[in-house]
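Chemist: my questions concern the predicted model and sequence given below.
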Amino acid sequence: MTIDFEAEPVTATTGNPEDAKQWTAKVRRAALDAVPPQRMMPDRQPAYVASWIYVFGVITVAALAVIILTGCILALKGPQWWHESGTGLFINSMHLWSVEIFFFAMVVHLWGKFFMAAWRGKRRATWITGVVSFVISIAAAFTGYVSQTNFDSQWISTQAKDGINSTGAGGFFNVMNFGQMLMWHIMLLPLVVVALVGVHIFLVRRRGVVPPFADPPSAGADEWTAEQDAVQP
């Protein structure tokens, strides 16, 4: 018996009709419904995407990439290198200033999207992941400041320990413990931030960029409702 593979065309989207009940076909269809390729990698974007508010979002991601790269180099070389070596001081400064740019761009992007009501059109999860990543980034920056192994980090940690101890968190979050703070800074918190940023970018692609508010109706027109501003994904 011979099999004619050309008798029934097979596409990457649908597959053979008789195989529709197989679990692989069901998983493929579910994945395509959840992550449409045309949304994840579109050929064109709406005209309103050409806005500076999205440029600050891209700057935030670019600064995060520089933070991770320079942080990996600093972690490999250690404190003595970044205090005594000219190259180490340069990499340490790059790490610091990329953090400054990261927070500046993120705050501008965050507040800009707040005033644009970026949670419209079933985009609440996109907005929430952005806000939570900002909060976690503050904790990551704090542990970085107390891990500098200089007088600045000593002053920050001694001033912070009483406030943290008063909350009861000092039992497992000891800001005077350099090793613990360094591990929080280079391992735990960065993983959370990178994961949240990745989910945020995924949701932006999945749901699309929020459109601007529609023009309100002229005098005498029907009452404007909030539902008219919402855009379905």
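Modeler: Happy to help now that I have it.

Chemist: make sure Val175 is actually in contact with Asp162.
Modeler: No - when contacts are counted by CB atoms under 8 Å, Val175 is not listed as touching Asp162 (9.9 Å). The C-beta positions use only the backbone N, C-alpha and C, and glycine is treated the same way.

Chemist: what ranges do the helices span in this structure?
Modeler: For the chain, the helices defined by DSSP state H occupy 23-34, 37-40, 52-77, 79-84, 86-115, 124-145, 151-166, 178-183, 189-207.

Chemist: average pLDDT for the third one?
Modeler: It stands for helix 52-77. Averaged over helix 52-77, pLDDT sits at 94.

Chemist: lowest-confidence stretch among the helices of the chain?
Modeler: What stands lowest among the helices of the chain, in mean pLDDT terms, is helix 37-40, with a mean of 74.

Chemist: so what touches that one?
Modeler: Helix 37-40 is contacted from outside by 205-206, 208, using CB atoms under 8 Å, 6 or more residues apart in numbering.

Chemist: now do 6 Å
Modeler: With contacts defined as CB atoms under 6 Å, 6 or more residues apart in numbering, helix 37-40 is touched by Arg205.

Chemist: returning to that earlier point: between Val175 and Asp162, who's got more neighbours?
Modeler: For Val175 versus Asp162, neighbours defined as other CB atoms under 10 Å are more numerous around Val175 (26 against 10).

Chemist: distance of the more buried one relative to Trp155?
Modeler: 11 Å (CB to CB, to the nearest Å).

Chemist: could you chop the chain up by domain?
Modeler: If you go by automatic domain parsing, the domain ranges for the chain are 50-116, 117-209.

Chemist: any chance of those domains in CSV, with distance to Gln22 too?
Modeler: Shown next, in CSV, are the domains of the chain (distance: least, CB to CB, whole Å):
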stretch, distance to Gln22
domain 50-116, 39
domain 117-209, 26
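
Chemist: out of those, flag the one nearest Asp33.
Modeler: Asp33 lies closest to domain 117-209 among those, at 11.0 Å (CB to CB).

Chemist: quick check, central residue of the chain?
Modeler: When CA atoms, centre = their mean is applied to the chain, the residue found nearest the centroid is Val197 (1.5 Å).

Chemist: can you pull the contacts of that one?
Modeler: Val197 makes contact with Ser133 under the criterion CB under 6 Å, 6+ apart.

Chemist: and if you look at Ser85?
Modeler: Taking CB under 6 Å, 6+ apart as the definition, Ser85 has no contacts.
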